[in-house]
Each structure stands twice: as structure tokens, then as C-alpha cells.
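> Predicted model, plus sequence, below.
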Amino acid sequence: MPSVYIKTYGCQMNERDSEAVAAQLVSKGYSLARTEAVADVILLNTCSVRDMAEQKAINKMENLAGQIRKKRPEVVLGFMGCMAQSRGQQLIDQLPDVDLVLGTQKFHRAADYLDEILSGKRERIVDVAEEKGSEATVRDHILRGNTADKAVTAFVSIMQGCNQYCTFCIVPYTRGAERSRTIPDILAECRELVSRGVKEITLLGQIVTSYGKRFSAEELQDWLGGFLPAVSVDDTEGANGIMHPASMSHSNKPSGLVVGQASSLSAGLPARGLDSGAGCPDGRQDARPTIQRKSAFVQLLEAVHEIDGLERIRFTSPHPKGYGDDLVDAYARLPKLVESAHLPLQSGSDRLLKLMHRGYTRERFSRIIGNLRRARPNIGITTDIIVGFPGETNADFEETLSLAREIQFDNAYVFKYSQRKDTPAASMPNQIPAALIEERHSRLLTLINEIAAEKYERFVGQRVQILVEGESKKNSARMTGRTRCNKIVLFEGNDRHRGQLMELKIQHTGSFTLYGDPAILGLD
Ligand code: 5AD
């Protein structure tokens, strides 16, 4: 059987998609090649979020065509993922060596299409169509059986797509509209992972806080019966999907459902018949079904939390708007939900936030961070910030600097604005010259790094809990793990520590890394 090599660009969702394609191909008999030089099939899983990511993948494919394909003409070359979706056939027109272009709703077809190409049935295949139900197809994992590098952590895709349409962002065009997997489907995958030794699960989606917006409250109640006390269902969505406060009292109907045991997690909350939505921080109501004032996403977190043997839950990426009282409260209530949050800020200027179509102000953003820090004082908070959005003035940029100073992020990804095809911002006036973007990027990065270094320094002498993930890639004498607040920690250990929750004392820090020592606690 052929061997395959998959190279991934971009985010964790892309990493997850690559893993699912690899697992699919392995289940059909493919082997995973160690390098592209020996692979029979080379797939590039692409990112479109900035131009540079696209150029990297295109250059890579040109190199593969020029070098590997020349020596081994039978090698199959393919693009998949976001750039495959947004450029489609155009990629083959530009790079005729490409045999396969697989869009973001078609990962599950990889094996079939490769079969057709390898058997000579078809020469080239481009499939970037939408596919109903495709959100539930990213489910296979490579957990490496019982081998030494058996997986301790896993990503689970809970939804696909995005309806936010931030004006700078290409994702709604590459990933399509929001589509959520059902709670039972996700739970089955999580349970299976835990039964195979996984201790930490990261729930993934383009906007995880929008999870399940389209589910009805009855559906939620049906799936979660075993987790909820017997209360009435509040289907607060109107026929058009928008919740109308005036109509809410009419939809306040008793459920009539016989529900099983009240969960210890939801017990203690008042049984209410009338919900006012998922408690937006500013008191506005949110258009989504809720049960007991909890959004579908929080219901999902609670259900995953019940899985025995699972130690930690993370999720990414959320939208700040999704941090209603229910989610903040989940941090306070659910011990497996680690104290870590990645809240993309994008800008500290209200004027730009509006132009970006972000749906919050700097004041509201700060308030959410305050709420989270009150719920979990040691929470690690990271963010994404874009510099050089069209029309960004010095004053706007100063607002971003001042908010970064005020919030004191543990780390931030600082991005240079990149014009993306079909996005409203690409045709906005006052595009910022590259040199100015560079300058702002470097100023903000310096500030972020200063704050982060100081925050990391504060860990020295502290005890932290880590989940040991495996050997350090750079030094095999060291093991690597993460704190609950998502800091990487290295320590001298060996394979028997893998998968363990350990207490370490931090000795010193490196760049975005902590170095710990279990010996001091006598736990080695
Ligand atoms: N230019 C620069 N950065 C972008 N991002 C999204 N679109 C763009 C763009 N056009 C950044 C945002 C987002 C992260 C994943 O990528 O900060 O949160």
C-alpha cells in the first residue's frame, strides 16, 4: 500500500483535520511516511487566513513539483483545506503538477479520491462542494496504540464554519456557515478517546462559543436528559431564530419530560422556567436556545466534564461575545475546565472594533477578563491582535497598546493585517503601508513579550500541576507537559511520567517555557 505525508499549515483545526485524514488513510492500509522524500502521496493542508500562509504552501508545492515529482513522477500531490477551498481549480491551472484539490467539507473523501488517482481511473480531482453533515466527519484519531508516544491529549472538532463575518476574515468563505455536531456524537468520540488513555481534550471549532446555536431546546433536553434536573424547557428562539423577550413568556412551557438523576453539576441551581438567554455580560439577550440559562456550549462542557477518567478540558477558539455569565460560571463550577482562555481581542480601539464587526467594546472585553479572573484568579489569558487594519490611526494603535498594558496578557499572537479576497476590509479606504504595519507590529510585540516575561518570571518558586505529554522534541532527556493555565513546562524525567498529572516546582524560565523539578517534592 502507498505511504502518505501530510504537511499542515495554520491553526489547530487544520492540525485536527490532518490527523483525521491521516487516520482515515491508515485505516485503508496506507502507511505514514516519515518524510516527504519517501512518500507516495504528499498532501499540503493549507491556511488562507493571511497571504503569507498561502504563499508558503504554494512555494512548497512548487518545490515538491520541481524536485520530488521530477525524480518520482508517480508521486501524487494534493492541496487540501482552506486554500484548496478558496482557490479550487485555479490551483491546478497555476500548478499543473497538482493532482488533488480537496475542500474543507471533503476531508472524508480523501481515501476514495486518492484511490481513483492512484489506480489511474481519474487523472485530477477538484472537489470543493458543500456537503451536508460534513461537520460530523472529522472524527478519526491517530492515538498511536500502545506505542511509546501514545497520545495523552486530543482535539475534538465540535463544529465547523463561522457566521461572524468579521470584516478582515476569510474564514466564513473557506469554512462555510456554522454547523455543529450533536452532543451525543461528540460525547461518544470523547468517551472513546478517554477509554484509549487520553487525559485532556480540547474542544475545537472556528467559534466554539457559537456551538449548537441552531439546536432547539427540546433537542438539547433530549440529549442531556441524564445530566439535568427535571425543569421546564425554555425554547426562547422565535420562528426566525431571534429571541423576542415579549414572546418568551409564551414559550415558557413545562417540558413534561421525565428526566433522570440531577447532576451534581447542575444541582443547586434554581430550577427556572424562564430563561433570559445565555446571560450576556451587558445584560443583553442572546439569540440561542438555553436550558437553565446555559447555552448549548456550556451544556456540552458539563456533559464532557462528566466523563470518568478525563482530567482536563480546554477549548478553542471562542468569541469574546460568547463569554456570558453562564460560561464564566462554568469556569467557577467545573474543576476539569482548566484555568486558561484564549480571547481574540483584535484591537483595543472601539472605532476599529466596530469597523472590524467584532460586536464588543474595549470596556466589555475588559469586563469579561475581570469576570474570568474573579472566577479563576490564576487563569492564563492569551489573545490575537491585528495591527494595521485599514484606517488604523496612531490613536487607535495607542488604544491597543494601552489595553494590552491594562489587561496583561500571558501571551498574544500579533498579526500584521493582510488583505483577504472577498472580505469587506480589503476594499476599505486607507490601507496602511507595510512599513508602518511593521513598526506597529514590532512595538506591540515588544510590549507583549515584556509583559509575558514578567508573568513567566512570577512562576519561579511556585508549585504547578502539569499533565506530562511526552518527550521534549529538542532534548530527549526532558519530558514536556502543560500547566492548567497552558504554560509549557520541561523537566528531567522519563517515559513512565507520560500521562501523569505531576506537581513540579518551577526553577527558572526560558522564552515562553518554564523549567521545573519534581525531585524537590520527592515525586520522582
Ligand atoms: N490579517 C491578519 N490577521 C488576521 N487574522 C484573521 N484574519 C486576518 C487578516 N486578514 C488573525 C486574527 C484571528 C487569527 C486566527 O488570525 O487575529 O484571530
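Happy to help now that I have it.
> Which positions in the protein make contact with the ligand?
Proximity of the chain to the ligand (Cβ under 6 Å from any ligand atom) is limited to residues 49-50, 168-169, 344, 346, 384, 386, 415, 417-418, 420. All C-beta spots, glycine's among them, are computed from the backbone N, C-alpha and C.
> 8 Å instead, please
11, 49-50, 166, 168-171, 317, 344, 346, 384-386, 413, 415-420, 423, 425 (Cβ under 8 Å from any ligand atom).
> Point out the ones among these that are inside helices.
Within the residues of the chain next to the ligand, residues falling in helices by DSSP state H are Val171.
> among the residues of the chain next to the ligand, which ones are buried?
11, 49-50, 166, 168-171, 317, 344, 346, 385-386, 415-418, 420, 423, 425 (16 or more other Cβ atoms under 10 Å).
> how about the strands in the stretch 151-300 of the chain?
With strands called from DSSP state E, counting those that start in this stretch, the stretch 151-300 of the chain shows them at 153-157, 159-160, 179-180, 200-204, 290-291, 294-295.
> how about the nearest residue to Ser210, chain neighbours excluded?
Distances taken as Cβ to Cβ, 6 or more residues apart in numbering place Glu178 nearest to Ser210, at 5.5 Å, with adjacent residues excluded.
> where does whichever residue of the stretch 201-350 of the chain sits closest to the ligand land on pLDDT?
Proximity of the stretch 201-350 of the chain to the ligand (Cβ to the nearest ligand atom) peaks at Pro344, 4.0 Å away. Confidence at Pro344, expressed as pLDDT, is 98.
> Touching, it and Lys321? I think so.
No: the criterion here is Cβ atoms under 8 Å, and Pro344 misses it with Lys321 at 10.7 Å.
> rewinding a little: mind putting the strands of the stretch 151-300 of the chain in JSON lines, mean neighbour count and mean pLDDT included?
Converted to JSON lines, the strands of the stretch 151-300 of the chain look like this (neighbours: other Cβ atoms under 10 Å; pLDDT from 0 to 100):
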{"stretch": "strand 153-157", "mean neighbour count": "22", "mean pLDDT": "97"}
{"stretch": "strand 159-160", "mean neighbour count": "26", "mean pLDDT": "98"}
{"stretch": "strand 179-180", "mean neighbour count": "21", "mean pLDDT": "97"}
{"stretch": "strand 200-204", "mean neighbour count": "22", "mean pLDDT": "98"}
{"stretch": "strand 290-291", "mean neighbour count": "26", "mean pLDDT": "78"}
{"stretch": "strand 294-295", "mean neighbour count": "26", "mean pLDDT": "92"}
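> Next, format those strands as TSV and append distance to Asp329.
Listed next are those as TSV, based on distance: least, Cβ to Cβ, whole Å:
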stretch	distance to Asp329
strand 153-157	23
strand 159-160	22
strand 179-180	21
strand 200-204	18
strand 290-291	13
strand 294-295	8
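> Helices of the stretch 251-400 of the chain, residue ranges please.
296-305, 325-333, 350-356, 362-375, 394-407 (DSSP state H, counting those that start in this stretch).
> Please identify the deepest-packed of those.
Among these, the stretch with the highest mean neighbour count (mean count of other Cβ atoms under 10 Å) is helix 296-305, at a mean of 25.
> other SSEs contacting that helix?
In terms of contacts (3 or more Cβ pairs under 8 Å, 6 or more residues apart in numbering; DSSP states H and E), helix 296-305 is packed against helix 183-195, strand 200-204, helix 217-224, strand 312-316, helix 325-333.
> Any idea which of those has the lowest pLDDT on average?
Here the lowest mean pLDDT among the helices and strands packed on helix 296-305 goes to helix 217-224, at a mean of 86.
> could you give the angle of it to helix 183-195?
30 degrees (axes from the mean of the first three to the mean of the last three Cα atoms, to 10 degrees).
> Give the buried residues for helix 217-224.
217, 219-221, 223-224.
> just the angle between that helix and helix 296-305, please?
10 degrees.
> Now do helix 217-224: distance to the chain's middle.
25 Å (Cα atoms, centre = their mean, to the nearest Å).
> Which other helices and strands does it contact?
Other helices and strands packing on helix 217-224, by 3+ Cβ pairs under 8 Å, 6+ apart, are helix 183-195, strand 290-291, helix 296-305.
> Show me the one of those that comes nearest Leu43.
helix 183-195 (23.0 Å; Cβ to Cβ).
> How far off centre is that closest one?
18 Å.
> what packs against it?
strand 153-157, strand 200-204, helix 217-224, helix 296-305.
> any chance of the ones you listed in JSON lines, plus distance to Asn371?
Formatted as JSON lines, the helices and strands packed on helix 183-195 follow (distance: least, Cβ to Cβ, whole Å):
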{"stretch": "strand 153-157", "distance to Asn371": "26"}
{"stretch": "strand 200-204", "distance to Asn371": "21"}
{"stretch": "helix 217-224", "distance to Asn371": "24"}
{"stretch": "helix 296-305", "distance to Asn371": "14"}
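> tell me which residues of stretch 188-198 are tucked away?
189-191, 193-194, 197-198.
> what helix or strand does Gly78 sit in?
strand 76-81 (DSSP states H and E).
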